[in-house]
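for reference, the sequence and a predicted model appear below.
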Amino acid sequence: MTVETIERIKPEKVDYVSTTNACKACSPLGASVVFRGIEGAVPFLHGSQGCATYMRRYLISHYREPVDIASSALGEKHAIYGGGPNLKLGLINVMKKYGAEVIGVATTCLTETIGDDVPMILHEFRKEFGDLDLPTLVWVATPSYQGSHMEGFHAAVRAVCEQLPDPAVERHKGVNLLPGFVSPEDLRHLRDIFDDYGLAVTMLPDYSDTLDGPALEDYEKIPSGGTPVEAVRAMSGARATVELGAVLAGAEKTGGTALQENHGVNLHRLPMPIGLRNSDAFFAALDAISGRETPTRHVKERGRLLDAMVDGHKYISGKRAVVYGEEDLVAGLVAMLTEIGIQPVLVASGGNSGRLPAAIEEATDGILREPPKVMPGVDFYEIRNEAERLAPDLVIGNSKGYRMARDWSVPLVRVGFPVHDRFGAQRTMHLGYKGTLALFDRLVNAVIEKKQADSPLGWGYI
Amino acid sequence: MTQPIFEDRKNQIHVKGGAEPFDMACNRDSLAGAVSQRACVFCGSRVVLYPIADALHLVHGPIGCAAYTWDIRGAVSSGPELHRLSFSTDLRENDVVFGGEQKLYRALCELIDRHEPKAAFVYSTCIVGIIGDDMEAVCRRVEKEKGVPVIPVQSEGFKGNKREGYDAACKAMIRLAGTAPIDDISPLSINLLGDFNLAGEIWVIRDYFERMGVQTVANVTGDGRVGDIRRSHGAALNVVQCSGATLPFARMMEEEYGIPYIRVSYFGIEDMSEALYDVARFFAEKDPGIMERTKKVVSEEIRAIMPRIKELRKDLEGKKAAIYVGGAFKAFSLVKTFRHLGMQTAIVGSQTGTREDYAELEAITDPGTIIVDDSNPLELQAFIKEKDVDIFVGGVKERPIAYKLGVGFCDHNHERKECLEGFVGMVNFAEEVHRTVMSPVWRFVPRRTAGKKASLESNNIDSACSLGAPEECMKEGAI
Ligand code: SF4
Ligand code: SF4
């Protein structure tokens, strides 16, 4: 990757003062998802009631599962005199009524602004209520004015990796996996892959059950599943950590680096395994870590993916796509699109880590003749303005781009988060050979469907 | 008797006819850590003002508050759709430290130039309350420079609950009223308050009034227009629907312009008819013919829907419902509506009911009914199980609770896509309740299959009614 090419791919964006139709959510939401993925945990937002309720609603619409997020429900006087007492009261209530083993406390803009010192309040809390059987408390600072839901997500993962792993744990053969913000189905698939390698994996977070659970006779106050706290404590002794996300890989401080720095756990930083090359890299890393060859099942899946790419290439070759969403997700998607001959013309994100252009450069380098336009830190107003001129055939991203796609009458292939207008978002696959294949089928079919619908005659064979 | 889950919330739960006398607490701050289903002041004002379709709605705050309220309600417009966009100043660290007034000013100018709205509403959020931006001053300045009304909505989230948000919204709106000429308004005229035109409902209601010969001046706020609200003080009567989101506006109109108001509900046959008759009675002196016309509208409409309702009722007879909604007024109508369907309400609650509201609920429900204020998932699931209901009516946040337990659900919130108001709405509602209650899926859920063989059997008999069995099911309801 040369400086010259990075220059070429540089974001071009007008600076607006206002935001119209944000392409992001706020950071405590990301933290809540992480805490939802720890066994026995209740996410707790330190702030006013509204934030927690809004985020619950947002998450419920996507996952279609109960999402209980507690709040310290601050009122006016707390906003002035500090929210400590309410935070403590709230923790006690959550402990008693939910029987929480872990409470993940995330701040909101309000408590960050009034300057509540959460670690100090938690310290006091532990002292005051030391006689009770206290849950494990984790906390993370998530002011939204410093970043999107992804910053909140990664900050929470890092907070857990910093605060819980036990330095006294002995080395063991387990592997840590920090998968990033992916679907419950993706998490299940990742777990299967590790199982197939015979690797004991600690996945953080693991909301594959808690945010996609079965029908029950009884309401579970805290849904079963999630990463056991014991396993989190033992992450310090793992033989390696695998951390997914091409953009995250450039971040200075992450969950993975914390485990590396504090406990000497070997860190493999990889892009999200979407597409052939990214998946190859992922499996290669697992080969190396396990000292085994890729399990046959996955070799076959790779073969099927390649076969499908050949079978389907003609339908999509040369199509132009607009891709948006979380930075790591779009970096993965672009890698895949590049391989299958879809030209990503615009790659956008509400996230603004500063590392997206480089990740896109890397994902497209050597294959794409013309690099896509990369726009980090944008909203849908900007995406729409820019994309309209680029005449896309396809839109790939979350539900929030529906209006645009509809106005341009091009298909929207729904990936990532949030998916508020379709069913089954929890079960959408994106990762590995299998996930890539599932995505590939959807992309090809979206194009075929459009052509079929638009044709005056229609047809019964393709 | 229902045991409270949170001791502190004991007096926010009441069982009708139980040992305790009726003395419910309400309108309290939500309990910390209790996972209230409630939102915030900002949410309250956002929902009231949001459907004004040709106004700019700018959220002054960090991104989440705006992102989570982007087009969340299906308020339909017959014209402009500016309300469906989500505008935010997206405050960043710098703004939090140095103040957001400059950014607000520039954002307003940018957006007004871009969209040429008829007015702009600027919502304050928690942070703005803390950093102390002078929104009033910024709005005044932009109003002068751009020549459109720019109105601050004082809706800092932590200053109470949704109810205070309604007040803030109405205070903002009243600044528009009285600012346009009203000479061409009919003496038989009303403003429709508190309808948000979900799934086009306000068009159904307006049609009834039109057929009665009544002119609607302003829709407040479904399918709302700034221009109409500016002349809303020309109407003879304010018709306020539902629990009181716009009641403060009606009161202010009464005080300032002497316009009386009545409260109505458009849900269910009884309340819908009553709403029309109330308006007719109000105008009867001015136009003696109005009563006749109203009767005609009501009887035509009822005649059209009754056969279907009776048919559906056959299957629904004896089923039990739970209701948990935002406003209590809606709950009254739902209790009555379920009765029309032969169903019993076993649980009823709201996020923002007042003492009078709960007293009314206590009066109209059957003994044993649980009445609850500002509930939470733990309570709701416990009530559902205790009462073994067949359907739960609520909003998005309640849905997964019901489904997880294997209980039918009907969305009666602001995301609905089906018109539930008016006579046609009664049929739609009954159809939906029927569709879900009668779905075979419930036979297979753990609640029905695990350790509940007895109730399973009796349930199968219930469900068999649709196939035309026991006499019980055939008896005519007293509609
Ligand atoms: S105040 Fe901050 S944390 Fe709360 S909803 Fe708004 S952006 Fe999110
Ligand atoms: S920050 Fe305040 S205004 Fe915004 S959602 Fe949270 S409680 Fe409501």
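Cool, the structure landed. Numbering: from 1, shown residues only, chains lettered A, B, ... in the order given. Ligands and ions are numbered 1, 2, ... in the order given.

mind listing what residue 182 touches?
Went with chain A since none was named. For residue A:182, the set of contacting residues under the criterion of Cβ atoms under 8 Å, 6 or more residues apart in numbering or on different chains consists of A:190, A:244, A:272, A:430-431. Backbone N, C-alpha and C define where each C-beta goes, glycine included.

hm, I was asking about chain B
Neighbours of residue B:182 in contact, by Cβ under 8 Å, 6+ apart: B:231, B:233-234.

export those residues to CSV and tack on distance to residue B:19?
As requested, those are exported to CSV (distance: Cβ to Cβ, whole Å):
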residue, distance to residue B:19
B:231, 54
B:233, 51
B:234, 53
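
out of the contacts of residue A:182, who's the most crowded?
Of all the contacts of residue A:182, the most densely surrounded is residue A:272 (31 neighbours; neighbours counted as other Cβ atoms under 10 Å in any protein chain shown).

buried residues of stretch B:426-445, list them for me.
Of the residues in stretch B:426-445, those with enough neighbours to count as buried (16 or more other Cβ atoms under 10 Å in any protein chain shown) are B:426-430, B:432-434, B:436-438, B:442, B:445.

ok, and which of these reach chain A?
Checked against chain A using Cβ under 8 Å from any Cβ of the partner chain, the buried residues of stretch B:426-445 yield the following neighbours: residue B:445.

which of the buried residues of stretch B:426-445 sits closest to residue A:123?
Comparing the buried residues of stretch B:426-445 against residue A:123 with Cβ to Cβ picks out residue B:445 as the nearest, at 45.2 Å.

model confidence for the closest one, exactly?
Residue B:445 carries a pLDDT score of 92 in this model.

one more: residue A:7?
With respect to pLDDT, residue A:7 has a value of 55.

try the one 5 residues further on
You'll see residue A:12 listed with a pLDDT of 61.

just residue B:462 next, same as before
Reading off the per-residue confidence, residue B:462 sits at a pLDDT of 41.

count of neighbours near residue B:10?
13.

how far away is it from residue B:31?
The span separating residue B:10 from residue B:31 equals 11 Å under the rule Cβ to Cβ, to the nearest Å.

repeat for residue A:15
Residue A:15 sits 44 Å away from residue B:31, taking Cβ to Cβ as the criterion.

those two: which is more packed in?
When neighbours are counted by other Cβ under 10 Å, residue A:15 and residue B:31 differ, and residue B:31 comes out ahead with 24 against 6.

name the nearest residue to the residue of the stretch 201-350 of chain B found nearest chain A, sequence neighbours excluded.
Of the stretch 201-350 of chain B, the residue with the smallest distance to chain A, taken as Cβ to the nearest Cβ, is residue B:326 at 11.5 Å. For residue B:326, ignoring the flanking residues on the chain, the nearest one in space by Cβ to Cβ, 6 or more residues apart in numbering or on different chains is residue B:351 at 5.0 Å.

which of the contacts of residue A:182 sits closest to chain B?
Of all those, the one with the least separation from chain B (Cβ to the nearest Cβ) is residue A:430, at 22.4 Å.

let's verify the closest one: helix, strand, or coil?
The local conformation at residue A:430, judged by DSSP: H, G, I helix; E, B strand; the rest coil, is coil.

need the residues that contact the helix or strand containing residue B:105.
Remark: residue B:105 resides in helix B:101-115, with elements defined by DSSP states H and E. Contacts with helix B:101-115, where a contact means Cβ under 8 Å, 6+ apart, come from A:16-18, A:20, B:56, B:58, B:60, B:82, B:87, B:89, B:91, B:95, B:117, B:120, B:122, B:133-135, B:137-139, B:141-142, B:145-146, B:148, B:150.

now do the contacts for residue 203.
Reading this off chain A. With contacts defined as Cβ under 8 Å, 6+ apart, the neighbours of residue A:203 are A:177-179, A:187, A:190-191, A:227.

actually chain B
Contacts of residue B:203 (Cβ under 8 Å, 6+ apart): B:78, B:197, B:223.

let's see if you can find the most crowded of those.
Ranked by the number of neighbours (other Cβ under 10 Å), these place residue B:197 first, at 27 neighbours.

count of residues packed around the closest residue in space to that residue that isn't next to it in sequence?
Leaving out its chain neighbours, the residue that sits closest to residue B:197 by Cβ to Cβ, 6+ apart is residue B:222, at 2.7 Å. Using other Cβ under 10 Å, residue B:222 is surrounded by 27 other residues.

surely residue B:233 meets residue B:254?
No. Under the criterion of Cβ atoms under 8 Å, residue B:233 makes no contact with residue B:254, lying 10.8 Å away.

more neighbours: which of those two?
When residue B:233 is set against residue B:254 and neighbours are counted by other Cβ under 10 Å, the residue ahead is residue B:233, at 22 against 13.

secondary structure class for that one?
On the basis of three-state DSSP, residue B:233 is classed as helix.

ok and the residue in the stretch 301-450 of chain B nearest ligand 1?
residue B:397 (15.4 Å; Cβ to the nearest ligand atom).

and that residue, which of the three is it?
Reduced to three states with three-state DSSP, the structure at residue B:397 is coil.

OK, contacts around it?
Residues in contact with residue B:397, defined by Cβ under 8 Å, 6+ apart, are A:53, A:56-57, A:60, B:37.

quick one: which of the residues you listed is nearest ligand 1?
The shortest separation between ligand 1 and any of these is 9.4 Å, and it belongs to residue A:53 (by Cβ to the nearest ligand atom).

can you check the pLDDT for that closest one?
At residue A:53 the predicted local distance difference test score is 92.

now do the contacts for residue B:95.
Contact partners of residue B:95, counting by Cβ under 8 Å, 6+ apart, are A:145, B:89, B:103, B:131.
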